[in-house]
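Novice: Starting from these lines, generate the structure:
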Amino acid sequence: MAFNGHQFDDDILDEDGTPSKQLRPDKEMPESAASAGRASSPRRTSNSMSRLRKDSMKKTRPPFPWFGMDIGGTLVKLVYFEPKDITAEEEQEEVDNLKSIRRYLTSNIAYGKTGHRDVHLELQDLTLCGRTGNLHFIRFPTQDLPAFLQMARNKHFSSLHTTLCATGGGAYKFESDFRTMADLQLHKLDELDCLIRGVLYIDSVMSRGLSECYYFENPTDPDHCIQKPYTLENPYPLLLVNIGSGVSILAVYSENNYKRVTGTSLGGGTFLGLCCLLTGCSTFEEALKMASDGESTRVDKLVRDIYGGDYERFGLPGWAVASSFGNMMSKEKRESVSKEDLARATLVTITNNIGSITRMCALNENIERVVFVGNFLRVNTLSMKLLAYAMDYWSKGQLKALFLQHEVQHLSEATPTSMLERAPSPLNAFLCLCVHPGLLWCSRSPAGASPSILTSSKDALLNLLHTPLAL
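Specialist: Below is the predicted model:
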C-alpha cells in the first residue's frame, strides 16, 4: 500500500483489524548487525519492535487535519476525523490554524445558513492510522461550495494541506475552483470504488456496537412494521443501488471485484425536478412532505381501473399500477387532484421504476441481497418501505431490500412538520441526512510524494397499503 511515498505491508493488522502500515525495509538486516556479546531477550526485542513501529508510524502518518469530501450534484458531504489522543507535546506543537479549524468544526453544529454537522451520526472512538478519535459528518448544498472555499481560504487551509482527496462528479466540475479560490489541489477518486469500500467500512465499524445495516419487516403495516438489524459479515454477492440525482446499480462480488450493471436517469433529481414543476415546491423536504399527504391512486391508472379487479391469469393484483399518471388524461380527474396527490404519484413512479430495474438486475445476476443507498433516501421512509415491499412481493420473498443507518435517519412520528416547512434549503432545519459512506481522508503530502489516502470507506410511519406498485 502506497502511503505518503512509502510502501507498507498490507497483511499486518492491528488488534482492531486496521492495517498496521509497518514500513517495509529496502533489504533484510544481516544477522551480524545484531548486538554482539549478549543475546536480546524476547521481551526486550518485542518492546524495541513496538517502539520502532510507533516511531515509523509517527514519521509517516499524515499531518492533521484529516478530511474527505464527496461533491455531489445536490449535496456536498464532508467527513472530519477529530483526534482524541493528542499528547501534550503535540498540542504544544500545533499551529494556530489547526487548532482554529478543529475548534470551529467540533464546537458548532451549524455553519452559516445551510451547513450542518449531524451529531447523531458521529462515530466515536475509532482507530485510524494508529490514532484514536471521532468521525464527524458535515453537509451543505453544492450551490454553496464557493462559500466553503472562501472559508478555507480565510482559515489558511492551504498552509496545512496542499492536496484534498475528493470523490463525486463535483470533484471534476469544481477542480479549478479549488485551485484558484482556495489554493488546493484535488486528488480525485472514483465514487463507486469509494461507495463500495465505504459501505463495508461503516458496517465493520458499527458491528462493534449497533448494526449499520437493517431491513423492514412488515413494511406496509404501520402497526407491525419493525426495523430489524442485518449483518454483512458475509456480504458477497450483493447488489448495490446508489440513488442520487440519477441511479447506478452495481453487482459486487468482492471488495475489488464489481461491475456497473446498469442505471437510470430517473432518480432523486427527477423526483424533485418534477415536483417543482407540478407543485411549485422548492426543496426536497417540501416535496416529501407533500407526497406523504397525497394519494397516488387519484393520479395513476391501476390494473383494477382497466380490468375491474385483478388480472388473475398473470397474477397481477388490482392495486398494481398499470399506467403512472394514466388518470391525468382525463380533464375531470386533472381538476380533482391536489398538489399532494401529484407529489405522491411522482414519488411512487420514480420508486417503482427503480425497484423494477433493480429486481431485473438481481434476477440476471442471481443475487438475493440488495443494498439501497443514496441521497434520494434522505428522510424518505416512504420510498424505503415501498422498495422493501416491492422487492419482497414481486420476488415472492427471495429478494431482501437492505438499508444503512448512515445513509438515512428517518424522522420520528413526533417530529413537528413545521421543522420541514421552514427549511430554506435541502440541508437546513433537518434532523437527519444522507451521508455518502465512501468518504476519504486527505493529508498534506511532502514535496514529490503521492497524496496519502485512507479510504473509509445515512416522516412519520406511513401506511403503504394504498400505495400501488408498478407492474
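Novice: ok, Gln124 to Phe137 distance?
Specialist: Distance from Gln124 to Phe137, counting by Cβ to Cβ, to the nearest Å: 12 Å. Where you see a C-beta, it was placed from the backbone N, CA and C, and this is true even at glycine.
Novice: To clarify, my last question referred to Leu399.
Specialist: 30 Å.
Novice: re the thing from before, look at Gln124 and Phe137 and report which has more neighbours.
Specialist: Set side by side, Gln124 and Phe137 show unequal neighbour counts under other Cβ atoms under 10 Å, the larger going to Phe137 at 23 against 11.
Novice: measure that one to Leu75 for me?
Specialist: Distance, Phe137 to Leu75, using Cβ to Cβ: 11 Å.
Novice: Over to Leu363?
Specialist: Counting by Cβ to Cβ, the gap from Leu363 to Leu75 is 32 Å.
Novice: more neighbours, the two?
Specialist: Of the pair Leu363 and Leu75, Leu75 is the one with more neighbours under other Cβ under 10 Å, namely 26 against 13.
Novice: who's the more buried one bridged to?
Specialist: Beta-bridge partners for Leu75, by DSSP bridges, are Pro141.
Novice: Could you say which helix or strand holds Lys343?
Specialist: Actually, residue 343 is Ala rather than Lys. helix 339-365 (DSSP states H and E).
Novice: List the buried residues for that helix?
Specialist: Neighbour-count burial for helix 339-365, with 16 or more other Cβ atoms under 10 Å as criterion, is recorded at 339-359, 361-362, 365.
Novice: again, but for stretch 121-129
Specialist: Leu121, Leu123, Leu126, Leu128, Cys129.
Novice: need the strands for the stretch 51-200 of the chain, in chain order.
Specialist: Shown for the stretch 51-200 of the chain, the strands assigned by DSSP state E, counting those that start in this stretch span residues 66-71, 75-83, 110-111, 115-117, 123-128, 131-141, 163-167, 185-189.
Novice: and the one helix or strand Val241 maps to, average pLDDT?
Specialist: Taking DSSP H and E as the criterion, Val241 maps to strand 238-243. Strand 238-243 shows a mean pLDDT of 93.
Novice: Quick one: residues in contact with that strand.
Specialist: With contacts defined as Cβ atoms under 8 Å, 6 or more residues apart in numbering, strand 238-243 is touched by 192, 195-196, 199, 232, 247-252, 258, 261, 267-268, 354, 358, 361-362, 365, 367, 369-377.
Novice: Among these, which lie within helices?
Specialist: Leu192, Leu195, Ile196, Val199, Gly268, Ile354, Thr358, Cys361, Ala362, Glu365 (DSSP state H).
Novice: Report how many residues lie close to the second one.
Specialist: Leu195 is surrounded by 25 other residues when neighbours are defined as other Cβ under 10 Å.
Novice: Distance check, it against Tyr201.
Specialist: Remark: distance between Leu195 and Tyr201 (Cβ to Cβ) = 11 Å.
Novice: hmm, which of the contacts of strand 238-243 are the buried ones?
Specialist: Neighbour-count burial (16+ other Cβ under 10 Å) applied to the contacts of strand 238-243 gives 192, 195-196, 199, 232, 247-252, 258, 261, 267-268, 354, 358, 361-362, 365, 367, 369-377.
Novice: For Thr351, which residues are in contact?
Specialist: Contacts of Thr351 (Cβ under 8 Å, 6+ apart): Ser383, Leu386, Leu387, Ala390.
Novice: Endpoints of stretch 252-271, how far apart?
Specialist: End-to-end distance of stretch 252-271 (Cα to Cα, to the nearest Å): 27 Å.
Novice: neighbouring contacts of that stretch?
Specialist: When contacts are defined by Cβ under 8 Å, 6+ apart, stretch 252-271 is touched by residues 73-74, 192, 196-197, 200, 235-240, 243-251, 284, 287, 346-347, 350, 353-354, 357, 361, 364-365, 374-376.
Novice: Pull the contacting residues for the closest residue to Glu175 other than its chain neighbours.
Specialist: With Cβ to Cβ, 6 or more residues apart in numbering as the criterion, Glu175 has its nearest non-adjacent residue at 5.1 Å, and that residue is Leu186. Under the criterion of Cβ under 8 Å, 6+ apart, the neighbours of Leu186 are Thr163, Leu164, Cys165, Ala166, Ala171, Glu175, Phe178, Arg179.
Novice: quick one: low-confidence parts of this structure?
Specialist: For the chain, residues meeting the criterion pLDDT under 70 lie at 1-62, 203, 205-210, 407-471.
Novice: which residues in it form helices?
Specialist: 42-60, 88-93, 96-106, 145-154, 170-173, 175-182, 191-206, 268-279, 284-293, 303-307, 331-336, 339-365, 381-394, 418-421.
Novice: Looking at those helices, which is nearest to Val321?
Specialist: Closest approach to Val321 among these (Cβ to Cβ): helix 339-365, 6.4 Å.
Novice: relative to helix 381-394, how tilted is that closest one?
Specialist: Inter-element angle recorded for helix 339-365 and helix 381-394: 40 degrees (by axes from the mean of the first three to the mean of the last three Cα atoms, to 10 degrees).
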